[in-house]
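>>> only geometry, no sequence info:
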């Protein structure tokens, strides 16, 4: 295992940084997109609610690899050229956003309806009541499951390996093929993923406990 690490440190480091880059980009945009669709799902406007619900249900029930391959194969053929990294990151963003939308929606709906009704009764618009009263309270409820979604996102970034995204998993596959030592190669890759996910897990637990104490 140490031979694999020493001989391929540069390649693994490049893959590690690529995985971080993909995960950070997907995390930011999937959170924004997921929150937007969550708000659409609970919107009192019927067509807005319908669009949000359809998006979440469709995306959640399509495998991540299928979404990624759509952007890697179909989009370059019929629309415009796109790299494997971009295809994987977009696919990961869209896929994760649907799960984040459900997490945010559940968190908002966990807040007593009286909060919204009380805010509306004093003259607030629906948007003001949601952003100033309901959503800030929902954040505390959302944090634990959101942490799980973020960790899943990092692990799911390995989908880049299927579209030549040059991520950690992709580099691990190349090393395993070159050395014929699949066991040690994937053990090393697994350790790198742990380096990413364990600190994130502990940070989310810390954040949850701190907010509970507040």
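Thanks, I have the structure now. All of these numbers come straight from a predicted model, not from anything done at the bench.
>>> where does this structure have low pLDDT?
212-214 (pLDDT under 70).
>>> Can you list the residue ranges for helices in it?
2-7, 9-41, 46-60, 64-69, 75-78, 84-109, 113-121, 126-129, 135-156, 168-179, 182-213 (DSSP state H).
>>> Mind checking these for the one nearest to residue 162?
Proximity to residue 162 (Cβ to Cβ) singles out helix 64-69 among these, at 6.3 Å. For glycine as for every other residue, the C-beta is placed from the backbone atoms N, C-alpha and C.
>>> now what about that closest one, what contacts it?
For helix 64-69, contacts defined as Cβ atoms under 8 Å, 6 or more residues apart in numbering pick out 59, 87-88, 90-92, 94-95, 156, 159, 162-163.
>>> again, only using 10 Å
Taking contacts as Cβ atoms under 10 Å, 6 or more residues apart in numbering, the residues outside helix 64-69 that touch it are 59, 63, 72, 84, 87-96, 98, 156, 158-160, 162-163, 165.
>>> Would you list the buried entries among those?
59, 72, 84, 87-96, 98, 156, 158-160, 162-163, 165 (16 or more other Cβ atoms under 10 Å).
>>> rewinding a little: so which of the helices of the chain is the most surrounded?
Mean neighbours per residue, mean count of other Cβ atoms under 10 Å, is largest over the helices of the chain for helix 84-109, with a mean of 23.
>>> what's that helix packed up against?
In terms of contacts (3 or more Cβ pairs under 10 Å, 6 or more residues apart in numbering; DSSP states H and E), helix 84-109 is packed against helix 9-41, helix 46-60, helix 64-69, helix 75-78, helix 135-156, helix 168-179.
>>> how about 7 Å then?
helix 9-41, helix 46-60, helix 64-69, helix 135-156 (3 or more Cβ pairs under 7 Å, 6 or more residues apart in numbering; DSSP states H and E).
>>> Export those helices to TSV and append columns for distance to residue 211.
Formatted as TSV, the helices and strands packed on helix 84-109 follow (distance: least, Cβ to Cβ, whole Å):
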stretch	distance to residue 211
helix 9-41	17
helix 46-60	26
helix 64-69	30
helix 135-156	5
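>>> can you tell which of the ones you listed is closest to residue 78?
helix 64-69 (13.8 Å).
>>> Now do the closest one: distance to the chain's middle.
When C-alpha coordinates are averaged (Cα atoms, centre = their mean, to the nearest Å), helix 64-69 and its chain have centres 14 Å apart.
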